[in-house]
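Visitor: With the sequence up front, the predicted model follows.
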Amino acid sequence: MGRGATSTARAVPRIGAQDATRSLFAGLGFGAAALVVIYVAIRAGGRLLDGDVDDAARWATLSFVAAVPFALGYAALSTPDVRVRVRALAAPALVIAGCIALQAHVGWGSYFVTDDWLHIAIAHDAVTGSGLDMHYLQRVVFIHYAPGHRLVYYLLGKFAPLDWGLALGVMLALFASSLAVFHHICTRLFGSRPGNLLLLGLFGTSVLLAPTVLWFADGLHKFPSMLASLIAIDAYLSYRRSGSRRALALCAGMVALGSLFYVKTLLVPLYLLMIGVLFLGGAGSRRSWLAFAPVYAIYGLNYVLNYADTGSAPPSLDLLGKYLWTAWFRGVTPALAGVNVGIDARGGEVLYAVFAQLLLVALIAASLWRRRSAWRAWAFWGVAFAANATVVGMGRLGSLGFKQVGSQLRYDTEMTWLLPLALGFAFLLRDGSPVRRMRLPSLRVRYGLAAAVVVAYLVATIDTGSDNAHDWRFKASSQARTFALNVQHDAGAGGTVIDDQTPAYLISPAHRPWNRLERLIPAITDKVRVVPGGLRPREVHVDGRITPIQLQPVAAGPTALTGAGRVGLEDGRVTRRDGHRCLAGPAHVTFAPEPELKGESLFGAVRFATHGSPGPALLTADSYRGRAERIDARRGTLYLDLGHTLRLSVPARATVCVIGSQVGWLTP
């Protein structure tokens, strides 16, 4: 080019290392999401070609997992380049830290209880047997279809069995993330205002969270679905502002992902519709709602084909209405004042609920006097509450009954963030409508009053949370922890323990065959074997202590076992020796319990003497992964779990004589 000439070529823009890294991680996330969808499509398509529509529907729901890598890719592209001021993050971070500290204090002394042990036993079966297969992931437990729930129990059983500290840490990490996303939503909707911190604190300290923090089975439903719901709302708000298709895809993906943990996540589009219609000027484009169609279609088809018959009969409208009122009057509204009122509360305790109603009425009246359009906020909360409570009532009242469902705060967990969001819409939203200025005292007085209200609320909340945690430990978790610790301690001596039913406070008889020690004990310790019978087995007491077996007989005599079931001789020869009935080998003798005694806690003790060849007899049973137990003694007492079908093999050139027998129960 000649001197003085001008070039028309444009300079090549420089791509910073940070942008390249973000693009790389975004590409990896989006690519992984696409691979998940393709893999699931291939597996589901294969099932369709085989004519198995039910299994194809099960596979299709696993495509929802693609939302995880997609969200990571979205986050990589959405990371802002500008430095956020530390002061802007310090206040919400401090509030979040305080909320996490409070919930950690509530949950620290808890342990795995009730439902947890059934999930733990099922997960241990998968860890040591079938593996992480479709049968395990798609299993319905307590009417819940929740593959994500199953996955977490599997990972816990494989890498950190019975580690309550880790379990609580995972729940609190998910909750902290939910708080951060909630604050971001408030900032999007209401701007950077101090009032957002009050909403954040109200969410993070709600007494409705106590059961969820104390109970891992419930926390695994609520905390992942809560985080997914809030991310979906935040993504939808981003879509409404920018029109980003990625944001809309993330919103739909989070609704799908959350449904793998808890069905209430499917209510999020209802919240979004109300937010759009009531506060954003319209319902939004048709495309935004069509994005949810595949999620509902896949989930609904899978439910109809595979799980529609697992629920209970729906309650009557009268019972459903009674539950909605109870949940409102005794659960959700009192939580606004930092208290909870039991379903059987009388007298003075009911005054707390009345006071909470008056407080709510005052808030509604103040918001409407200040701005007439605030009715929309309360309409939003009312519909959200009714939808959540209806889902619970339709699914649970028929199986658990009104008293049990109405007394459990865990069914109202979603209100912990929906109520603060409604308060934000009522008092903080700037929608252009006229606002009346309220006559307020001086700034110093206002700060003093606000501080007094906050302190009173925190005192009530901390006191209520501590009481709830104490009651929970006393009535549930301490007993379960004691059982596990006793088993682990006494199992150090090794040996065998005789099979029995698990204590009902761990796994109830309604969940047969999982309510057997042979299924639960291996999930607690691997230092003892659970056997259907043996010469010197030990017994596991209801508190987990392992001691030498002691039988309390209710029947005795040479033929006592025949009163508990049918004794049959497959082959061999019956003889008599020294006045005792004997069996000459080779021979096989069986015991089949009476149908009503199958799986029950009934035991037998057979005193025997062996003559001839000293080769061992073999005892087998219809037990869980049972193996033949060697009965290698010339004489002794053979203890048997008569809840099993048993088979004893006597070797050739051996004669076994029954000296006496007893049937009864083990010492408590």
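Guide: That came through, no problem.
Visitor: List the buried residues in stretch 25-38.
Guide: Within stretch 25-38, the residues that count as buried by 16 or more other C-beta atoms under 10 Å are F25, A26, G29, F30, A32, A33, V36, V37. The way it works is simple: take the backbone N, C-alpha and C, and place the C-beta from them, glycine included.
Visitor: same check, this time on stretch 59-78
Guide: Those would be 59-74, 76-77, for stretch 59-78 by 16+ other C-beta under 10 Å.
Visitor: returning to what we had before: show me which of the buried residues of stretch 25-38 is closest to V528.
Guide: V528 lies nearest to V36 out of these, by C-beta to C-beta, at 41.4 Å.
Visitor: Tell me which helix or strand that closest one sits in.
Guide: Using DSSP states H and E, V36 sits within helix 17-49.
Visitor: so what does the next helix or strand after that helix touch, helix or strand wise?
Guide: Downstream of helix 17-49, the first helix or strand assigned by DSSP H and E is helix 53-61. On a contact count with 3 or more C-beta pairs under 8 Å, 6 or more residues apart in numbering; DSSP states H and E, helix 53-61 meets helix 17-49, helix 134-137, helix 293-302.
Visitor: now those in CSV, with distance to A235 and mean pLDDT?
Guide: Shown next, in CSV, are the helices and strands packed on helix 53-61 (distance: least, C-beta to C-beta, whole Å; pLDDT from 0 to 100):
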stretch, distance to A235, mean pLDDT
helix 17-49, 15, 88
helix 134-137, 26, 87
helix 293-302, 14, 94
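Visitor: Output those helices in JSON lines; the columns should cover distance to M274.
Guide: Shown next, in JSON lines, are the helices and strands packed on helix 53-61 (distance: least, C-beta to C-beta, whole Å):
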{"stretch": "helix 17-49", "distance to M274": "29"}
{"stretch": "helix 134-137", "distance to M274": "33"}
{"stretch": "helix 293-302", "distance to M274": "18"}
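Visitor: who wins for proximity to R630 among those helices?
Guide: R630 lies closest, by C-beta to C-beta, to one member of the helices and strands packed on helix 53-61: helix 134-137, at 32.7 Å.
Visitor: And for the closest one, what's in contact with it?
Guide: D55, R58, W59, L62, I122, A123, A126, S130, P147, R150, L151, Y154 (C-beta atoms under 8 Å, 6 or more residues apart in numbering).
Visitor: pLDDT-wise, what's the bottom of those residues?
Guide: The lowest pLDDT within these belongs to S130, with 82.
Visitor: count of neighbours near the nearest residue to it once chain neighbours are set aside?
Guide: The spatially closest residue to S130, leaving aside those adjacent along the chain, is Y136, at 6.1 Å (C-beta to C-beta, 6 or more residues apart in numbering). Counted by other C-beta atoms under 10 Å, the residues lying close to Y136 total 20.
Visitor: now Y136: how far from F159?
Guide: To F159, Y136 is 16 Å away according to C-beta to C-beta, to the nearest Å.
Visitor: coming back round to it: to the chain's geometric centre, what's the distance from the helix holding V36?
Guide: Put simply, helix 17-49 sits 28 Å off its chain's centre (C-alpha atoms, centre = their mean, to the nearest Å).
Visitor: Over to stretch 52-65?
Guide: For stretch 52-65, the distance to the chain centre is 22 Å (C-alpha atoms, centre = their mean).
Visitor: could you dump it to CSV, C-alpha only?
Guide: C-alpha atoms of stretch 52-65 as CSV (Å, rounded to 0.1, in the frame of the first residue of the first chain):
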residue,chain,number,x,y,z
ASP,A,52,-42.8,-51.3,25.6
VAL,A,53,-44.5,-48.0,25.8
ASP,A,54,-44.5,-47.9,29.6
ASP,A,55,-40.7,-48.2,29.8
ALA,A,56,-40.3,-45.7,27.0
ALA,A,57,-42.2,-43.2,29.1
ARG,A,58,-40.0,-43.9,32.0
TRP,A,59,-36.9,-43.3,30.0
ALA,A,60,-38.3,-40.1,28.5
THR,A,61,-38.6,-38.4,31.9
LEU,A,62,-34.9,-38.9,32.4
SER,A,63,-34.3,-36.4,29.6
PHE,A,64,-35.1,-33.8,32.3
VAL,A,65,-31.6,-34.3,33.7
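Visitor: in this protein, what spans have low per-residue confidence?
Guide: Along the chain, the parts satisfying pLDDT under 70 run over 1-18, 79-87, 311-312, 614.
Visitor: Spatially central residue for it, please.
Guide: With distances taken as C-alpha atoms, centre = their mean, the residue of the chain nearest its centroid is A217 (3.0 Å).
Visitor: hey, where'd the strands end up in the stretch 451-600 of the chain?
Guide: Listed in chain order, the strands of the stretch 451-600 of the chain (DSSP state E, counting those that start in this stretch) span 496-498, 529-531, 533-534, 538-540, 546-548, 551-556, 565-577, 580-593.
Visitor: Can you add mean neighbour count and give those strands back as JSON lines?
Guide: Listed next are those as JSON lines, based on neighbours: other C-beta atoms under 10 Å:
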{"stretch": "strand 496-498", "mean neighbour count": "20"}
{"stretch": "strand 529-531", "mean neighbour count": "21"}
{"stretch": "strand 533-534", "mean neighbour count": "24"}
{"stretch": "strand 538-540", "mean neighbour count": "23"}
{"stretch": "strand 546-548", "mean neighbour count": "15"}
{"stretch": "strand 551-556", "mean neighbour count": "14"}
{"stretch": "strand 565-577", "mean neighbour count": "13"}
{"stretch": "strand 580-593", "mean neighbour count": "18"}
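Visitor: So for T114, which of the ones you listed sits nearest?
Guide: Shortest distance between T114 and those, using C-beta to C-beta, is found for strand 538-540: 18.4 Å.
Visitor: ok, V36 to F70 distance?
Guide: Applying C-beta to C-beta to V36 and F70 gives a distance of 9 Å.
Visitor: Would you mind writing the CA trace of stretch 641-655 as PDB?
Guide: The C-alpha coordinates for stretch 641-655 follow below in PDB (Å, rounded to 0.1, in the frame of the first residue of the first chain):
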ATOM      1  CA  ASP A 641     -36.700 -67.600  62.600                       C
ATOM      2  CA  LEU A 642     -40.100 -69.100  62.000                       C
ATOM      3  CA  GLY A 643     -41.200 -66.200  59.900                       C
ATOM      4  CA  HIS A 644     -39.200 -67.700  57.100                       C
ATOM      5  CA  THR A 645     -39.700 -70.800  55.000                       C
ATOM      6  CA  LEU A 646     -36.900 -73.100  56.000                       C
ATOM      7  CA  ARG A 647     -35.100 -76.200  54.600                       C
ATOM      8  CA  LEU A 648     -32.600 -78.300  56.500                       C
ATOM      9  CA  SER A 649     -30.300 -80.700  54.600                       C
ATOM     10  CA  VAL A 650     -29.000 -83.700  56.600                       C
ATOM     11  CA  PRO A 651     -25.800 -85.300  55.100                       C
ATOM     12  CA  ALA A 652     -25.400 -88.900  54.300                       C
ATOM     13  CA  ARG A 653     -24.300 -91.300  57.100                       C
ATOM     14  CA  ALA A 654     -25.700 -88.800  59.700                       C
ATOM     15  CA  THR A 655     -28.600 -89.200  62.000                       C
END
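Visitor: Excluding chain neighbours, give the residue nearest to R410 in space.
Guide: Nearest one to R410, counting by C-beta to C-beta, 6+ apart, is P211 at 3.9 Å.
Visitor: Lovely, talk soon.
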